[in-house]
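Enquirer: Below are the sequence and a predicted model for it; my questions follow.
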Amino acid sequence: MTIMSDKSMRPLMREKRKRVWELDFMRGFAVLCMCFDHLMYDFAFLIKDVFSNVNQVNNSFINNLMELAQAYWHSAANGVYGFRFWAHYIFVFIFLFLVGVSCAFSRDNIKRGCQLFLVALAFTGATFAARAMGFMQSGVVFGILDCIALSILCVAAVDIATARFKPLNVLAPLVLGVIVCAVGVGKRFWLWGKPFETAFDASHLFDYIIGTRGYGDDWFGLFPYVGAVLLGMYWGRAAYSKRISLLPVPDGKWNKPFCFVGRHALIFYIVHQVVLAALVVLLCLCLGYRM
């Protein structure tokens, strides 16, 4: 049996100390909020689409969950954007902001962005296969993974362009982030009142990417979202220049589940929708619902 020397273990110890617990916590919190959002979607719409005897079973527990989920998803009334609308944008901003903070920690954002983009392309292909089999209404053309990947590459480009000018290298993400968010938010609210495209049009692919047109079950155009990543990049450099936690490390276990999810956010994103839908279907089957 080979025993690692203290010297050989030092890199592992340093790597472990690099974790900033509050970033993992906030990332995990945002991911779990996303899981809750999709779980509410399953209760609001999936059950009626999958099961043929919903009215005959009339289970009070499931009916109450369906009503709660539908109220959550239709929380906008009389033209006023409700809880779900605002909560969605707030938690997406938090998640992408933390992506930007992670970019400030990374030594090779080009590699990270390219690797994630390959994962995003594979995920897109899987969703179109699911659409062909009738499991999804639309495929994912430019979803959150694509948005994060290209945003990381945009941050890397800004970083390279300003690398020789130290003050500009720090402030450029802040200035660009504010501008992109301002322009993107204006465009997004202008777009929101227009009909979403129900059919994929390859000639509009650039518009889907930029954010001037929308399509798909999971669409995140670069504007304004790349602005959140740029702002996170600035904050990461300004507040975490030493790459250490700004808050005392909690002495309890309450934060560990959130931190665990935050450390494995990509895995949770890829698998959570299938797992949640399967759990909802299994629960309903146990209660007498039939497809």
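Expert: Perfect, thanks for sending it.
Enquirer: List phi and psi for the closest residue to residue 136 other than its chain neighbours.
Expert: Nearest non-adjacent residue to residue 136, counting by Cβ to Cβ, 6 or more residues apart in numbering: residue 130, 4.6 Å away. (Each C-beta comes from the backbone N, C-alpha and C, glycine too.) Note on residue 130: its backbone torsions stand at phi -60, psi -40 [degrees, to the nearest 10].
Enquirer: Next, count neighbours for residue 130.
Expert: 15 (other Cβ atoms under 10 Å).
Enquirer: wait, isn't it in contact with residue 137?
Expert: No: using Cβ atoms under 8 Å, residue 130 is not in contact with residue 137, being 10.0 Å away.
Enquirer: From residue 233, how far off is the residue nearest to residue 136?
Expert: Taking Cβ to Cβ, to the nearest Å as the measure, residue 130 falls 34 Å from residue 233.
Enquirer: Verify the stated contact: residue 223 with residue 214.
Expert: No: counting by Cβ under 8 Å, residue 223 stays clear of residue 214, with 11.7 Å between them.
Enquirer: all helices of the stretch 51-200 of the chain, in order?
Expert: 54-57, 60-73, 83-105, 109-132, 144-161, 166-192 (DSSP state H, counting those that start in this stretch).
Enquirer: Pass me the low-pLDDT residue ranges in the stretch 51-200 of the chain, would you?
Expert: 76-81, 187-195 (pLDDT under 70).
Enquirer: Can you get me a residue count around residue 149?
Expert: 21.
Enquirer: Kindly report the same for the one 3 residues further on.
Expert: Applying other Cβ under 10 Å, we find 27 residues neighbouring residue 152.
Enquirer: same check, this time on residue 202
Expert: Quick note: residue 202 (other Cβ under 10 Å) scores 7 neighbours.
Enquirer: Can you give me the distance of it to residue 106?
Expert: From residue 202 to residue 106 the distance is 33 Å (Cβ to Cβ).
Enquirer: same deal with residue 117?
Expert: 15 Å.
Enquirer: Please apply the same query to residue 255.
Expert: With Cβ to Cβ as the criterion, residue 255 and residue 106 are 24 Å apart.
Enquirer: Roughly how far does residue 252 sit from residue 29?
Expert: 16 Å.
Enquirer: Ok, residue 116 next?
Expert: From residue 116 to residue 29 the distance is 21 Å (Cβ to Cβ).
Enquirer: What of residue 156?
Expert: Residue 156 is 27 Å from residue 29, by Cβ to Cβ.
Enquirer: which one is residue 51 nearest to, not counting chain neighbours?
Expert: residue 289 (4.2 Å).
Enquirer: so the one you found makes contact with residue 55?
Expert: No: Residue 289 is beyond contact range of residue 55, at 10.7 Å (criterion: Cβ under 8 Å).
Enquirer: you'd agree the residue nearest to residue 51 is in a helix?
Expert: No: Residue 289 sits outside any helix when classified using DSSP: H, G, I helix; E, B strand; the rest coil, being coil.
Enquirer: show me the contacts for it.
Expert: 47, 51, 53, 54, 57, 59, 62 (Cβ atoms under 8 Å, 6 or more residues apart in numbering).
Enquirer: with those in mind, which one is nearest to residue 91?
Expert: Checking these against residue 91 with Cβ to Cβ, the nearest one is residue 47 at 24.5 Å.
Enquirer: Okay, and the closest one sits in which element?
Expert: Residue 47 is part of helix 47-50 when elements are defined by DSSP states H and E.
Enquirer: And the contacts of that helix?
Expert: 54, 62, 66, 280, 281, 284, 289, 291.
Enquirer: Between which two of the residues you listed is the distance greatest?
Expert: Longest span within the contacts of helix 47-50, Cβ to Cβ: 66 and 291, 16.8 Å.
Enquirer: neighbour count winner among those two?
Expert: residue 66 (20 against 9).
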